[in-house]
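K.L.:
with the input below, show me the fold.
(2 chains)
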Amino acid sequence: MTDIFDWAFAWEILPTLGSALIITVHATVLGMSLAVVLGLILAMLRRVRSRWISAPVAVLIEFVRSTPLLVQMYFLFYVLPQTGMRLSPLVTGILALGVHYAAYCAEVYRAGIESVPRGQLEAATALNLSPWRTAVGVVLPQAIPPVVPALGNYLVAMFKDTPLLSAITVVELLQQSKIIGSATFRYTEPLTLVGVLFLLLSLVAAWGVRRLEAWLKKFGGSR
Amino acid sequence: MSASIRLNQLCKRYGELEVLRGIDLEIPAGQTLSIIGPSGSGKSTLLRLLMTLDRPTSGEILIDGESMWSDAQGRAMGPNSAHVRRVRGKIGMVFQHFNLFPHKTALGNVMEAPVHVSGLPRSEAAQRAQEYLELVGLGDKLDAYPAQLSGGQKQRVGIARALAMHPEIMLFDEVTSALDPELVGGILQILRDLAAKRTMTMIIVTHQMGFAERSSDRTLFFDQGNIVEDAESSVLFSNPKEERTQQFLQSVIEAV
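P.N.:
Residues are numbered from 1 along each chain as shown, chains lettered A, B, ... in the order given. Here you go, the predicted structure:
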């Protein structure tokens, strides 16, 4: 008769899960990097005066936000190769995560940009700053710090969405634990460890975001 | 160097609201002009139009004889066109609520345009910024962030920031209205010193009647989007011709 939780077995599978965890972290870090950069670009394009640019971008953002990540992942996985783009499942997955969360990040940036007082733009105009310098030197340094907590939430959310990668054959943490389970008929230990590892890393990420927030705080203040 | 300003039938309307109703005005280079009047009379709107923060609904603004919003061929120009940016470069503005960049130090605020508009090397821009901050009495606050400064100090930074671009025209939009009473005098003294140098054309929208009377060459009384009275400052205050001006000055005196 075996115990419900076999510590020795758990210890034994930890390295295997650990290497799968690296894939998961890898996907999250790259996916989020893509999301924060692409999200910022989308947010700025959405504010461009020309409707020929801003309107399609707005539609794209709304479309991506309103369709499930899993659908987008399958779409990229099965449709991209037909267009001649052959990417590995992991890269496809990172792309899907990045684009999906970029749409959410774009909305967050938009809120941040809109919270910058008009007077700041007027001061920039009065100083004859170029539109580019106004965006980069005046608006964004004030728009981004307040939205870092919201972006941080999306980092954790994306991390927790990485098991969806298993649907497109990426052997990330959850998939690895299922492989172990089906080979050994023991699911308790691998699944428990998956939960614990997700918890630990989410806490670490949240702590990191709080540190970043505190560091950014010193740039805020009255005008 | 200073520039002249000419307004031809300048109108500004926001939807149904007619804020400026056909202003004709000529301001010679180097003049210090005060604008007084009740709130909502269009005085701040006039400054916003002069700073290119807004576009006139109709009429024309000429800076040194050059149209602000159209090029030599009379073609309409956008707010970021080379033409408008060149004309705008002659003009500086100080705001009622300072509008300092909160993420930059006093020095950084003043350096911003010299570096990114004039293309000065950072060291040279820093030197210039320091000179102007010293001029407004903030030589010891170069590295302070706006949040660490009092209202009066913030406004001094605002003035230094505009001056550092060597404007030919300076616009002051109620620059003492957001300050505690004891800080007003210092700012007005800076304005007085600038006006005495006569190196810029200065337009000062103000509620400080004493300042307008004694320290500006000429005063306009604005009401409901029109210039009601336009006279030498000493004359306008001692001997206003229009009844509306008399009423306004009377009500201001009673308030004090």
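
K.L.:
let me know the secondary structure of the residue lying closest to B:Gly108 once chain neighbours are set aside.
P.N.:
Here the nearest residue to B:Gly108 in space, its sequence neighbours aside, is B:Phe101; by Cβ to Cβ, 6 or more residues apart in numbering or on different chains that works out to 7.3 Å. Every C-beta, even on glycine, is put in place using the N, C-alpha and C of the backbone. Counting by DSSP: H, G, I helix; E, B strand; the rest coil, the backbone at B:Phe101 sits in coil.

K.L.:
just checking, B:Phe101 touches B:Leu107?
P.N.:
No - counting by Cβ atoms under 8 Å, B:Phe101 does not reach B:Leu107; the two are 11.5 Å apart.

K.L.:
and chain B, what are its domains?
P.N.:
What automatic domain parsing lists as the domains of chain B is B:5-90+B:167-255, B:93-149.

K.L.:
distance from the first one to the middle of the chain?
P.N.:
Here domain B:5-90+B:167-255 shows a centroid-to-chain-centroid distance of 7 Å under the convention Cα atoms, centre = their mean, to the nearest Å.

K.L.:
now the end-to-end length of it.
P.N.:
One end of domain B:5-90+B:167-255 sits 33 Å from the other (Cα to Cα, to the nearest Å).

K.L.:
and the domains of chain B: which comes nearest A:Val29?
P.N.:
Nearest to A:Val29, of all the domains of chain B, is domain B:93-149, at 27.0 Å by Cβ to Cβ.

K.L.:
which helix or strand contains the residue minimising distance to the centre of chain A?
P.N.:
By Cα atoms, centre = their mean, the mean C-alpha position of chain A lies nearest to A:Met32, the distance being 3.4 Å. A:Met32 is part of helix A:7-46 when elements are defined by DSSP states H and E.

K.L.:
next one: B:Ile61
P.N.:
Using DSSP H and E, B:Ile61 falls within strand B:58-63.

K.L.:
quick check: mean pLDDT across the helix or strand just after that strand?
P.N.:
Going down the chain from strand B:58-63, the next helix or strand is strand B:66-67, by DSSP H and E. The average pLDDT for strand B:66-67 rounds to 96.

K.L.:
do the same with stretch A:19-30
P.N.:
Averaging pLDDT along stretch A:19-30 yields 94.

K.L.:
what's in contact with that stretch?
P.N.:
Applying Cβ atoms under 8 Å, 6 or more residues apart in numbering or on different chains, the contact partners of stretch A:19-30 are A:90, A:93-94, A:97-98, A:155, A:158-159, A:162, A:165, A:170-173, A:175-177, A:197, A:201.

K.L.:
element containing residue 140?
P.N.:
In the absence of a named chain, this looks at chain A. Counting by DSSP H and E, A:Leu140 is part of helix A:140-143.

K.L.:
not what I meant, chain B
P.N.:
Following DSSP H and E, there is no helix or strand that holds B:Asp140.

K.L.:
so what's the residue count around A:Thr24?
P.N.:
When neighbours are defined as other Cβ atoms under 10 Å in any protein chain shown, A:Thr24 has 25 of them.

K.L.:
likewise for B:Ile35?
P.N.:
B:Ile35 has 27 neighbours, counted by other Cβ under 10 Å.

K.L.:
which one is residue 160 nearest to, not counting chain neighbours?
P.N.:
Using chain A. Nearest one to A:Lys160, counting by Cβ to Cβ, 6+ apart, is A:Phe198 at 6.6 Å.

K.L.:
chain B was what I was after
P.N.:
Spatial nearest neighbour of B:Ala160, chain neighbours left out: B:Tyr132 (4.0 Å); criterion: Cβ to Cβ, 6+ apart.

K.L.:
return the residues of the stretch 1-150 of chain B in contact with chain A.
P.N.:
B:51-53, B:79-80, B:85, B:88-89, B:91-93, B:95, B:97-103, B:112-113, B:116-117, B:145-147 (Cβ under 8 Å from any Cβ of the partner chain).

K.L.:
ok, and for the one helix or strand B:Phe237 maps to, which residues are buried?
P.N.:
Using DSSP H and E, B:Phe237 falls within helix B:233-238. Neighbour-count burial for helix B:233-238 flags B:Ser233, B:Leu236, B:Phe237 (criterion: 16 or more other Cβ atoms under 10 Å in any protein chain shown).

K.L.:
so which of the residues you listed reach chain A?
P.N.:
Cross-checking the buried residues of helix B:233-238 against chain A (Cβ under 8 Å from any Cβ) gives no overlapping residues.

K.L.:
is the residue of the stretch 101-250 of chain B found nearest chain A in a helix, a strand, or coil?
P.N.:
Distance from chain A to each residue of the stretch 101-250 of chain B (Cβ to the nearest Cβ) is smallest for B:Ala147, at 3.0 Å. Assigned by three-state DSSP, the conformation of B:Ala147 is helix.

K.L.:
since that was my last question, I'll sign off now.
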